[in-house]
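Novice: Pasting a predicted model and its sequence here:
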Amino acid sequence: MTFGYVKMVAFCSVFFTTAALANIVGSDLQNFVPAPSSMDGVTVNNALTLGQGRFGLGLFVDYATNTLPYFKEDDGTTRDRDKEFNDAVTTLDLQAVYGLTNWWDVSVAAPFIIGQQEGDNDEPHGYYDRKGLTGYRVGTKLRVLELGPFALGVVGTAAYNRVQDNPYTQTKWPSMSLELTSTLNMGRWLLTANAGYRWRQGQPGDSIRETLPVERFGDQIIYSAGAVLPLGSEWAVMAEVYGARNWDEFSEESPRSTSIHESVLGLRYDVTPSIQMHLGAGAELQHSISSADARVYTGIRWTLGDKEVARPVAAVAPAVQKVSFEPIPKPDAVIDLDEVHFGLDSFEVRDPKAGPIMQRLTEIMRQHPDIERIMIEGHTCDLGSDLYNMKLSDRRAIAVEKWMVNRYGIDKKKLHSMGWGEWQPKVANADAASRKKNRRVSFKIYFQKNQPTDRIYQASIRK
């Protein structure tokens with residue numbers, strides 16, 4: 001994406017006070033709206049941002065049955081609640097997102113109707129006259145707070161309508177929304193919750209009212225929640241619920257509610273650290289406007305570019321103060337837990353090989369009382385923000401320290417833990433396998449002064 005295009009997206013995002021794709025947006029035509037970033041869930045926004053200088057592309061295809069509204073016939077009946085096949089709509093959603101800073105993303109998306117099937121056409125109902133682009137969405141996301149495993153962000157959306165005779169609104173900018181999003185890393189689970197408000201503009205035009213008995217409905221309270229459960233280093237289960245609350249009636253002739261509740265359940269596969277594949281299904285929890293009896297979706301996200309991050313800068317002492325620095329002493333031995341790894345975004349010691357390795361290290365300490373201290377150093381891969389990785393590496397080091405103290409009785413005074421974040425990778429962060437090697441903990445052993453230093457201990461256990 002050229003720099004001029006980035007500036008255009010950023011300008012649109014700020015001008016319309018919008019953000020990176022929430023739920024229940026667009027032209028009121030489809031409720032399944034994929035989020036643009038690889039940091040997000042399927043439709044639920046994450047408070048974490050993509051990272052400065054990184055660019056993401058996404059493509060999702062959704063096949064949904066029974067989403068079109070049907071209206072009562074002369075005898076007062078309607079087939080809208082039937083679970084038989086009435087219609088099917090296939091949509092395609094293209095997204096692009098760019099990280100202007102480590103805490104600010106901007107995005108743009110284009111939804112398309114690429115297929116439509118209809119069953120019985122006798123009953124009055126809404127439908128699409130032709131396939132094609134239905135509108136645009138522009139947005140921005142701000143990460144405003146990050147405290148340990150908890151992050152807080154602000155997101156919003158604006159939708160531009162290109163559908164003529166839209167049964168829900170005639171305005172070109174039919175909706176804007178603003179949300180507060182929170183993310184909590186539970187170690188094994190990643191939980192996200194969003195809540196906000198959606199402003200709906202305009203009302204159906206006279207031409208559509210002559211055909212369908214529809215009325216304007218107003219603003220909505222919007223909310224969503226999601227959970228991600230990793231299954232190893234490449235697979236993850238994703239579950240989400242999203243909804244909108246409204247107290248108006250869309251039509252007296254339709255059983256569909258203006259309050260929306262849907263859910264999706266899917267799998268994510270990380271082909272590489274830069275490419276995600278998605279596959280899943282969903283269904284309505286309440287018979288609502290544009291909700292589907294059932295839907296299936298598939299998608300791909302591709303993230304490009306390395307993060308542009310600010311390197312740590314040493315503090316400058318006042319000119320009147322003389323400051324001297326002592327070099328960090330060279331350790332007498334280094335033990336790297338090559339075979340013990342941490343899950344993505346996790347600081348829990350779950351690898352079964354960790355116990356035997358730390359048992360071996362404990363034996364070394366007991367055999368050599370001349371060991372003065374051990375530095376326990378945590379490390380991460382390069383996914384995530386600088387600040388978050390630094391805190392995560394601290395937690396990994398502290399988790400291992402607690403293991404050694406509580407499970408093996410090591411004197412806490414001899415243990416010192418610290419994190420290096422992503423700054424000391426064992427290998428280049430080129431793919432999923434190499435990133436896994438960098439999510440590790442290493443030990444540096446220091447003997448008492450004036451003791452021999454040419455000692456080497458092997459603590460790694462291999463299959």
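Specialist: Looks like it arrived, so ask away.
Novice: buried sites along stretch 272-283?
Specialist: Of the residues in stretch 272-283, 273-274, 276, 278, 280, 282 count as buried by neighbour count, 16 or more other Cβ atoms under 10 Å. Where C-beta positions appear, they are placed from N, C-alpha and C, glycine not excepted.
Novice: Tell me which entries of the residues you listed lie within strands.
Specialist: Per DSSP state E, strands hold the following members of the buried residues of stretch 272-283: 276, 278, 280, 282.
Novice: re earlier: residue 201: which of the buried residues of stretch 272-283 is nearest?
Specialist: residue 282 (27.5 Å; Cβ to Cβ).
Novice: ok, the closest one to residue 175 distance?
Specialist: Using Cβ to Cβ, to the nearest Å, residue 282 is found at 21 Å from residue 175.
Novice: still on that earlier bit, between the ones in strands among the buried residues of stretch 272-283, which is nearest residue 122?
Specialist: Nearest to residue 122 out of those is residue 282 (Cβ to Cβ; 29.0 Å).
Novice: Quick check: closest non-adjacent residue to the closest one.
Specialist: Excluding the flanking residues, the one nearest residue 282 by Cβ to Cβ, 6 or more residues apart in numbering is residue 264, at 3.5 Å.
Novice: Just to check, residue 118 is in contact with residue 87?
Specialist: Yes: between residue 118 and residue 87 there is a contact at 5.0 Å, judged by Cβ atoms under 8 Å.
Novice: And the strands in the stretch 101-250 of the chain?
Specialist: 104-118, 132-133, 135-147, 150-161, 175-185, 190-200, 220-231, 235-245 (DSSP state E, counting those that start in this stretch).
Novice: Can you list the buried residues in the first one?
Specialist: Pointing back at strand 104-118 there. Under the neighbour-count criterion of 16+ other Cβ under 10 Å, strand 104-118 has 104-113, 116 buried.
Novice: In the stretch 301-450 of the chain, where is pLDDT below threshold?
Specialist: By pLDDT under 70, the weakly predicted segments of the stretch 301-450 of the chain are 306-354, 431, 449-450.
Novice: quick one, strands of it?
Specialist: Under DSSP E, counting those that start in this stretch, the stretch 301-450 of the chain gives strands at 333-336, 371-378, 415-419, 441-447.
Novice: As JSON lines, the ones you listed with distance to residue 219 and mean neighbour count would be great.
Specialist: Shown next, in JSON lines, are the strands of the stretch 301-450 of the chain (distance: least, Cβ to Cβ, whole Å; neighbours: other Cβ atoms under 10 Å):
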{"stretch": "strand 333-336", "distance to residue 219": "56", "mean neighbour count": "18"}
{"stretch": "strand 371-378", "distance to residue 219": "47", "mean neighbour count": "20"}
{"stretch": "strand 415-419", "distance to residue 219": "45", "mean neighbour count": "18"}
{"stretch": "strand 441-447", "distance to residue 219": "50", "mean neighbour count": "21"}
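Novice: so which of these comes closest to residue 183?
Specialist: Smallest distance to residue 183 across those (Cβ to Cβ): 20.0 Å, for strand 415-419.
Novice: Report the angle between that closest one and strand 441-447.
Specialist: Here the directions of strand 415-419 and strand 441-447 differ by 140 degrees (axes from the mean of the first three to the mean of the last three Cα atoms, to 10 degrees).
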